[in-house]
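1. Dropping the sequence and predicted coords here.
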Amino acid sequence: MIEILNPAEISHARTSGALVANILHTVKTRATVGTNLLEIDQWAKEMILDAGATSCYVDYAPSFGSGPFGHYICTSVNDAVLHGLPHDYALVDGDLVTVDLALLTGGIAADSALSFIVGKPRHADDIAMIATTEQALQAGIDAAGPGVRIGDISFAMGSVLHDAGYLINTDFGGHGIGSTMHQDPHVSNIGRPGRGYTLRPGLMLALEPWIMADTDELITDADGWTLRSATGCRTAHSEHTIAITEDGAEILTQRPE
Ligand code: MF3
Ligand code: CO
């Protein structure tokens, strides 16, 4: 299903997006050497519930996971890249952390993710890899607007990832979002210009370029959720929710810098 949202719904999406952005920013600022992933989950839970918002994750039980997720935020460390299930692990100096969060207010969802390094970077390449996903995300946002095709956005993101020398996995990508977190259209991180669904004002999309340093193959952790690079290499992911407007796109999950 593809949803076109009305202005009142987009206004709820702004509220959801601002809360998501605030929580992710708080996690990035507060997480330090010794922080446990379960503490990060607790911070997210408290901030979501205190704001009167609803988690998109805690009861989520999609085919690509094992049972309800049971947590409030995805925490993916180093070789983990997507759907990282929070568990009893204390961050160490140089860990590359990805946090991914989606929630609803007023019945409308927003979804965003970011990667950051705890303490002193352990690998110089980590910083470049994170920057590449951020640049790809920005290229996708810059390409978005009414009349643009999904393939144009996918092509814009994929070109940045590819030109930086990364392989691109197409098993997971971005998606439409609205009254639920995951909707059509799918937004692959590889695409062909001029192909696919034509964007209209009121459509909301979550764009989410992600990469692994030396592979495009994933393996699923024994926890049934966490997706890791098949080679054990490090990984990065950046995601924003945007709304297509009359003349471009509005970022709904913009973070303070
Ligand atoms: N928010 C993720 C995405 O970017 C989906 C996480 S699903 C979960 O689409 F169940 F793992 F939380
Ligand atoms: Co998403």
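-> Looks like it came in fine. Ligands and ions are numbered 1, 2, ... in the order given.

2. OK, now which residue of the stretch 151-257 of the chain is nearest to ligand 2?
-> Closest residue of the stretch 151-257 of the chain to ligand 2, CB to the ion: Ala206 (3.9 Å). Bear in mind the C-beta positions are built from the backbone N, C-alpha and C, glycine included.

3. Find the residue closest to that residue in space, skipping its chain neighbours.
-> Asp111 (4.4 Å; CB to CB, 6 or more residues apart in numbering).

4. Quick one: residues contacting the residue of the stretch 151-257 of the chain closest to ligand 2.
-> Residues near Ala206 by CB atoms under 8 Å, 6 or more residues apart in numbering: 102, 111-112, 174-177, 181, 187, 239-242.

5. That one should be in a strand, yeah?
-> Yes: according to DSSP: H, G, I helix; E, B strand; the rest coil, Ala206 belongs to a strand.

6. in the sheet, who's paired with it?
-> Ala206 has these beta-bridge partners by DSSP bridges: His175, Thr241.

7. for this structure, what spans make up the helices?
-> For the chain, applying DSSP state H gives helices covering 7-30, 37-50, 124-143, 150-163.

8. residues of the third one that come out buried?
-> In this case it means helix 124-143. By neighbour count with 16 or more other CB atoms under 10 Å, helix 124-143 contains the buried residues 126, 129-130, 132-141, 143.

9. now the longest one
-> When neighbours are counted by 16+ other CB under 10 Å, the buried residues of helix 7-30 are found to be 9-10, 12-21, 23-24, 27-28.

10. Let me know the average pLDDT across it.
-> Mean pLDDT, computed over helix 7-30, is 98.

11. Tell me where the model's unsure across the stretch 51-200 of the chain.
-> Scanning the stretch 51-200 of the chain for pLDDT under 70 picks out nothing.

12. Kindly report the residues of it close to ligand 1.
-> The stretch 51-200 of the chain comes close to ligand 1 at residues Tyr57, Tyr60, Gly65, Phe69, Cys74, His83, Asp100, Ala102, Asp111, Ala113, as judged by CB under 6 Å from any ligand atom.

13. The second one touches His71, doesn't it?
-> No: counting by CB atoms under 8 Å, Tyr60 does not reach His71; the two are 9.8 Å apart.

14. Which one's more surrounded, these two?
-> His71 (23 against 18; other CB atoms under 10 Å).

15. isn't that one right up against Pro86?
-> Yes: here His71 reaches Pro86: they are 4.8 Å apart, a contact under CB under 8 Å.

16. Find residues that contact each of those two.
-> Joint contacts of His71 and Pro86 (CB under 8 Å, 6+ apart) are Asp41.

17. What count of nearby residues applies to Leu49?
-> 12.

18. Check the gap between it and Ala230 for me.
-> Computed as CB to CB, to the nearest Å, the Leu49 to Ala230 distance reads 37 Å.

19. Among the buried residues of helix 7-30, which one lies nearest to ligand 2?
-> In terms of CB to the ion, no member of the buried residues of helix 7-30 lies closer to ligand 2 than Val20, at 10.7 Å.

20. list the contacts for that closest one?
-> Counted by CB under 8 Å, 6+ apart, Val20 has contacts Leu101, Ala102, Leu103, Ala110, Asp111, Ser112, Thr241, Thr253.

21. can you list contacts of stretch 117-127?
-> 31-33, 35, 91-97, 130, 213, 234, 236.

22. Make a ChimeraX selection of the buried ones in those.
-> Paste this into ChimeraX to select the buried members of the contacts of stretch 117-127, with burial taken from 16+ other CB under 10 Å:
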select :31,35,91,95,96,97,130,213,234,236
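
23. Between the contacts of stretch 117-127, which sits nearest Asp79?
-> Arg234 (6.3 Å; CB to CB).

24. near ligand 2, which residues of the stretch 1-150 of the chain?
-> Contact residues, the stretch 1-150 of the chain versus ligand 2 (CB under 5 Å from the ion): Asp111.
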